[in-house]
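Colleague: Show me the folded form of this:
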Amino acid sequence: SVHNYVVRKEYGCLTFVSNAIVDMYAKLGMVANASRVFDNMNTKDVISWNSLITGNTQNGLSNEAIALYHKMQEEGIQFDQGTLVSILPACSHLGAVREGTCIHCHSIKMGLHSDLFVTTCLIDMYAKCGKLEESLHLFEEVPKRSSVPWNAIICGLGIHGHGEKSLDLFEEMQKQEVEPDQVTFVSLLSSCSHAGLVDQGKKFFNLMYCEYGIVPNLRHYACMVDLLGRSGKLDLAHDFITKMPIKPDASVWGALLGACRIHGNLELGKVASAHVFELDPENVGYYVLMSNMYATERRWEGVNNLRSLAIDMGLRKTPGWSSIEVNNNVHVFYTGNRSHPQIEGIYAEMASLLGKIKSIGYTPDFSCVLQDVEEDEKEHILSSHSERLAIVFGLIQTKAQTSLHIFKNLRVCGDCH
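Modeller: Predicted structure coming up:
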């Protein structure tokens, strides 16, 4: 109705008004609407481009965001700090480290690389792309007066399992008298979770309030449940939830559900799923988690019931995808999808490689196929997993002994791993 009013009053010709509408649609997740408004604008400024790039990035359309950034350059629009802060997370999401490196170079040419927020995004991008040395090098160069770069590097090291290094950095942060904030402790707890540092995680959770007066929020509680759950302490995680001083949300119960999936605790998984279905009934990921637990136990009736429930609610499963950057281009593969122009060659090479590894003892792990189908079909399903397609494509396209960096939006299955 606001947009209609703007059209009726002919305010749409004002660039700042159209920018606000693009931003509004993007924040509502209506990126197609935002794009239409953007395309119909008579005059676009850097804010127009930044708004749409941000909208695409925040809604998971990272390839589209990068394409917009390139188009912005082609049209001669001078980017600013906001552009870089918008586009670098898209590079992180896809693992597009070469693209991110080019953007880093552009930021240096424009004199924007010393901006705290740009530098923090670069630290985050390099870390999430697995380039930890580059990330640490940037961190060492940035002024340490703010907690923002500290949070980025602690989180980046943590997601790669370098929990001890994250904790060392926190100690250094304390020595330099930089005040930690809520985000710092989310990063620390997440680092402890990925590294299995249960006792240290408990210590930091208590330290938050006792030493710094930071009241834990739901993100901190979810991290603690994840920490306990990942380490197999499922009963402790459940007990922790029941004793929370605030009402747990879907992220807290979802952390327990994810842990139950990892450790195969179907009964506790049912308890957790009952809560997440009530608190966040439109999140299809929770239905998939619970369905996979039933499938692992060969409880096909439970699988079918959940699938029917999700369909009745109009929910669609998030497709699994993997990306690989080759020759400065990001290639995205979806599980079971055959749309890539080189797909026939990829499957031919896949068959050749499978034949070779079978000859030295590999046998497919059909327990990773959570569908009630024949074994031949299960092997075909495993072969069509997105990470395999990306790896084989990388092997075809690169020289021998080249490191391949694959990024995936979902957990890698045991057989592919």
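
Colleague: Please point out which parts of the lengthiest helix in the chain sit buried.
Modeller: Longest helix in the chain by number of residues (criterion: DSSP state H): helix 343-359. Of all the residues in helix 343-359, those buried under the rule 16 or more other Cβ atoms under 10 Å are 346-347, 350, 353-354. C-beta coordinates here come from the backbone N, C-alpha and C atoms, glycine included.

Colleague: Serialize these to JSON lines and add fields for distance to residue 52.
Modeller: Formatted as JSON lines, the buried residues of helix 343-359 follow (distance: Cβ to Cβ, whole Å):
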{"residue": "346", "distance to residue 52": "33"}
{"residue": "347", "distance to residue 52": "36"}
{"residue": "350", "distance to residue 52": "37"}
{"residue": "353", "distance to residue 52": "41"}
{"residue": "354", "distance to residue 52": "43"}
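
Colleague: avg pLDDT for the longest helix of the chain?
Modeller: Confidence for helix 343-359, expressed as mean pLDDT, is 91.

Colleague: Kindly report the same for stretch 133-146.
Modeller: 88.

Colleague: Give me the contacts around it.
Modeller: Residues external to stretch 133-146 that are found in contact with it (Cβ atoms under 8 Å, 6 or more residues apart in numbering): 116, 119-120, 122-124, 126-127, 149-150, 152-153, 156, 173, 176, 178.

Colleague: Between which two of the residues you listed is the distance greatest?
Modeller: Put simply, by Cβ to Cβ the two of those set farthest apart are 126 and 176, 21.9 Å from each other.

Colleague: out of the two, which sits in the more crowded spot?
Modeller: The neighbour count for residue 126 versus residue 176, taken as other Cβ atoms under 10 Å, is higher for residue 126 (28 against 10).

Colleague: Show me where the stretch 101-250 of the chain dips below the pLDDT cut-off.
Modeller: Counting by pLDDT under 70, the ranges of the stretch 101-250 of the chain that qualify are 144.

Colleague: Can you list the residue ranges for strands in it?
Modeller: For the stretch 101-250 of the chain, applying DSSP state E, counting those that start in this stretch gives no strands.

Colleague: I'd assumed residue 62 was in contact with residue 90.
Modeller: Yes: between residue 90 and residue 62 there is a contact under Cβ atoms under 8 Å: 3.9 Å.

Colleague: low-scoring stretches of the stretch 301-417 of the chain, by residue?
Modeller: Residues of the stretch 301-417 of the chain that meet the cut-off, pLDDT under 70, sit at 366-370, 372-374.

Colleague: Show me where it has its helices.
Modeller: Along the stretch 301-417 of the chain, counting by DSSP state H, counting those that start in this stretch, helices occupy 343-359, 375-383, 386-397.

Colleague: ok, now which ones touch residue 365?
Modeller: 382, 414-415.

Colleague: What's the PyMOL syntax to select whichever of these are buried?
Modeller: For the buried members of the contacts of residue 365, the matching PyMOL selection, counting by 16+ other Cβ under 10 Å, is:
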select buried, resi 382+415
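
Colleague: Look at residue 90 and residue 62 and report which has more neighbours.
Modeller: The neighbour comparison of residue 90 against residue 62 (other Cβ under 10 Å) goes to residue 90, with 29 against 24.

Colleague: Secondary structure element for that one, which one?
Modeller: Applying DSSP states H and E as the criterion places residue 90 in helix 81-94.

Colleague: Does anything pack onto that helix? Which helices or strands?
Modeller: If contacts are counted by 3 or more Cβ pairs under 8 Å, 6 or more residues apart in numbering; DSSP states H and E, helix 81-94 sits against helix 46-58, helix 62-74, helix 97-109, helix 116-128.

Colleague: Save these as TSV, and put in distance to residue 359 too.
Modeller: Converted to TSV, the helices and strands packed on helix 81-94 look like this (distance: least, Cβ to Cβ, whole Å):
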stretch	distance to residue 359
helix 46-58	45
helix 62-74	38
helix 97-109	35
helix 116-128	37
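
Colleague: Go through those helices and name the closest to residue 250.
Modeller: From the helices and strands packed on helix 81-94, taking Cβ to Cβ, the stretch that ends up closest is helix 46-58, at 19.7 Å.

Colleague: For the closest one, list every residue counted as buried.
Modeller: Buried residues in helix 46-58 (16+ other Cβ under 10 Å): 47-58.
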